[in-house]
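Q: got a sequence here, can you model it:
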Amino acid sequence: MTTTNPNDEWEHRRQELRLKTPPEQTHRLFHLLHPKQFNRSFLDQMCELTTDIRTLAKSPAGLASLQRLLHHRRAMLYFTQPSTRTFLSFNNACHILGMRTSEIRDSSTSSEVKGETMEDSIRTFSSYVDVIVMRNWQKGLAEKAAALMDTISRPIPIINAGSGKDQHPTQALLDIYTLERSLAHRGGIDGKVIGMMGDLARGRTVRSLAYLMKNYRDVHLVFISPSSFAIGDDIVAHLDEHHIRHTSTTKLNQVLGDLDAIYLTRIQAEHDVADESKDIDLDQFSIRKQHLTRMKEDAVIMHPLPRGSELSPEIDNDPRAKYWRQERNGMWMRAAVLTRIFGAEPTLYELAK
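A: All right, here's what the predicted structure looks like:
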């Protein structure tokens, strides 16, 4: 059996990258707020751009070139909701591209504690930086900030890095990238059966990913959850509108063998109003080592992290477990998002030559 040397593969990609010209942008991007903004052409281009940035970064010279790409830009990371992966991946994506960053991670350390409105805070940030990346407990706050930006003389882009229980569009982009790469040997996402399991009512990552499925052909979504945390009616209506096949069940074992990919989420007890989560049997919505024998040999296991007991560490080394790769993909996809927002793709491909 012949194996491919990863170093040879990256060198081949570097040679291809040197010959590339920027693809024609069929989808301009200023604010990034909601998965509804994305079409298939945009998703395919973003996946390609992400791989190109990763390819360039594989060599010291390429990484040094990337750090000149947006060295004249500044970003505000306005994260007033707790975050590890999203914050760090955006922060490091900025650094890969040479951007300087400022941050607020607790509204009690800003003038909001003195009564300053969100609008005035955002307007203040826009005086100092070139893009604001926002994560907040409140649904729709990024859209509100973007609407404000569109009324001022020096508008800057707003990126939604997670809004309450509603949407997480950059997570959806990195999830698409991970799925496409993990299923590439079988033609990508088109025609696949994809399970989504856990707290589907309050999990913004699955909500955002479900929105994007309208861009892929013959996908079948299988929602697996406690009945009290079933996928929202708005998502169901969206899937029906776009003729996307979907089914729901509370029985993982009945569908596990049919899945080409399964996307787990934890039960989000921090959103409980009256201890809704306490009586749920989490074992019914978990993946353990014994489940692996029932899954397809090339199935994909994903999780946005952080995980709870629903995903056993004993399967971390199984080749089907893609969640650590998924996490790293977030940094590269967010670097691609910033590159696209600032229209820097022509410069990127010049740097690669």
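Q: can you tell me, leaving aside adjacent residues, what's nearest to the residue most central in space within the chain?
A: For the chain, the residue nearest the mean C-alpha position is Gln171 (1.5 Å; Cα atoms, centre = their mean). Leaving aside its sequence neighbours, Gln171 sits nearest to Thr205 (Cβ to Cβ, 6 or more residues apart in numbering; 5.0 Å). The C-beta positions use only the backbone N, C-alpha and C, and glycine is treated the same way.
Q: which residues touch the residue nearest to the centre of the chain?
A: 86, 162, 204-205, 208-209, 304, 330 (Cβ atoms under 8 Å, 6 or more residues apart in numbering).
Q: what are the boundaries of the helices in the protein?
A: Ranges of helices in the chain, per DSSP state H, are 6-19, 40-57, 60-66, 85-96, 118-126, 141-149, 169-182, 204-212, 233-241, 323-341, 345-351.
Q: tell me how far the residue nearest to His291 when sequence neighbours are not counted lies from Asp150.
A: In space, not counting the residues next to it along the chain, His291 is nearest to Leu256; the distance is 6.3 Å by Cβ to Cβ, 6+ apart. Leu256 sits 46 Å away from Asp150, going by Cβ to Cβ, to the nearest Å.
Q: which one of those two has more residues nearby?
A: Leu256 (20 against 11; other Cβ atoms under 10 Å).
Q: who's in contact with that one?
A: By Cβ under 8 Å, 6+ apart, the neighbours of Leu256 are 195, 262, 291, 294-295.
Q: that one and Phe125, how far apart?
A: 46 Å.
Q: before we move on, what about Met99?
A: 15 Å.
Q: counting neighbours, go ahead and name the busier of those two.
A: When neighbours are counted by other Cβ under 10 Å, Met99 comes out ahead of the other of Met99 and Phe125, with 23 against 19.
Q: burial measure for Val206, as a count.
A: As a measure of burial, Val206 has 29 neighbours, counting by other Cβ under 10 Å.
Q: er, Leu70 actually
A: Applying other Cβ under 10 Å, we find 25 other residues in the vicinity of Leu70.
Q: that one contacts Thr339, doesn't it?
A: Yes. If you go by Cβ atoms under 8 Å, Leu70 and Thr339 touch, sitting 7.4 Å apart.
Q: list the contacts of Phe38.
A: Neighbours of Phe38 in contact, by Cβ under 8 Å, 6+ apart: 27, 169, 173, 212, 215.
Q: didn't the fourth one look like it was pressed against His34?
A: No. Leu212 lies out of contact with His34 (Cβ under 8 Å); the separation is 10.7 Å.
Q: can you count the residues close to Ser127?
A: Neighbour tally, Ser127, other Cβ under 10 Å: 9.
Q: which ones are touching it?
A: Contacts of Ser127 (Cβ under 8 Å, 6+ apart): Arg154.
Q: and it, how far is that from Gly257?
A: Ser127 is 56 Å from Gly257, by Cβ to Cβ.
Q: I'd assumed Leu282 was in contact with Ser309.
A: Yes. Ser309 lies in contact with Leu282 (Cβ under 8 Å); the separation is 5.6 Å.
Q: contacting residues for Tyr78?
A: Tyr78 neighbours (Cβ under 8 Å, 6+ apart): 103-104, 121-122, 125, 132-136.
Q: quick revisit: out of the helices of the chain, which comes closest to His220?
A: Of all the helices of the chain, helix 233-241 sits nearest to His220, with 10.6 Å by Cβ to Cβ.
Q: hey, what's in contact with both of Leu70 and Thr339?
A: Common neighbours of Leu70 and Thr339 (Cβ under 8 Å, 6+ apart) are Leu97.
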